[in-house]
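Asker: got a predicted model here, sequence first, then my questions.
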Amino acid sequence: MDTLSYKTISANVANVEKAWIVVDAENQIVGRLSSQIAMILRGKHKASYTPHVDCGDNVIVINADKIRFTGKKMNNKVYIRHTGYPGGQRFATPREVLAKNPRGIMESAVKGMLPKNRLGSRLFTNLYVYAGSEHPHAAQQPKEIKF
């Protein structure tokens, strides 16, 4: 019989409880919202958080096309990418990115806040971003969270 009354329990894939959460991004600031979402995806809000295990929840983000930036970042911030060819550097403002791909800003902001390894790639698959207010995950009975 053990004499210790408390034991440190390390979570693993078998005993992790994963919930479904809906977040409404309408009129939310991109960076502040994405840091909260990254924390939930990682599982840091749970008492059973284990750094090397996917113990976070599944997050559904709706109204991603209605997010906002502080100040003049909507027109002045620049996203830079490269095609891989000489002279292939491309620039885009958040307004241009929202017009072309409304989910792109939210996804890239959250992905940048996750670990840059295999675990981070696995955690990113638990994020579902939708431009409108409808989502196909009603069967999972997600809970809505306000930030």
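Answerer: Yes, it's here.
Asker: neighbouring contacts of stretch 99-109?
Answerer: Stretch 99-109 has contacts (Cβ atoms under 8 Å, 6 or more residues apart in numbering) with 25, 30-31, 33-34, 61, 64-65, 67, 79, 92, 94, 97-98, 127, 129-131. (C-beta placed from N, C-alpha, C; glycine too.)
Asker: I should have written stretch 11-26 there, sorry.
Answerer: 33, 36-37, 40, 43, 48-50, 53-64, 66-67, 106, 126, 133, 135, 137, 140-147.
Asker: before we move on, what about stretch 35-46?
Answerer: 16, 21, 23, 49-50, 53-57, 59, 61, 110, 113-115, 123-124, 126-127, 145, 147.
Asker: only the buried subset of the residues you listed, as a ChimeraX command please.
Answerer: Selection of buried members from the contacts of stretch 35-46 for ChimeraX, criterion 16 or more other Cβ atoms under 10 Å:
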select :16,21,23,53,54,55,56,57,59,61,110,113,114,123,126,127
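Asker: just the ones of the contacts of stretch 35-46 in helices?
Answerer: Val110, Leu123, Phe124 (DSSP state H).
Asker: can I get those in JSON lines including distance to Ile9 and pLDDT?
Answerer: Formatted as JSON lines, the ones in helices among the contacts of stretch 35-46 follow (distance: Cβ to Cβ, whole Å; pLDDT from 0 to 100):
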{"residue": "Val110", "distance to Ile9": "28", "pLDDT": "98"}
{"residue": "Leu123", "distance to Ile9": "21", "pLDDT": "97"}
{"residue": "Phe124", "distance to Ile9": "26", "pLDDT": "98"}
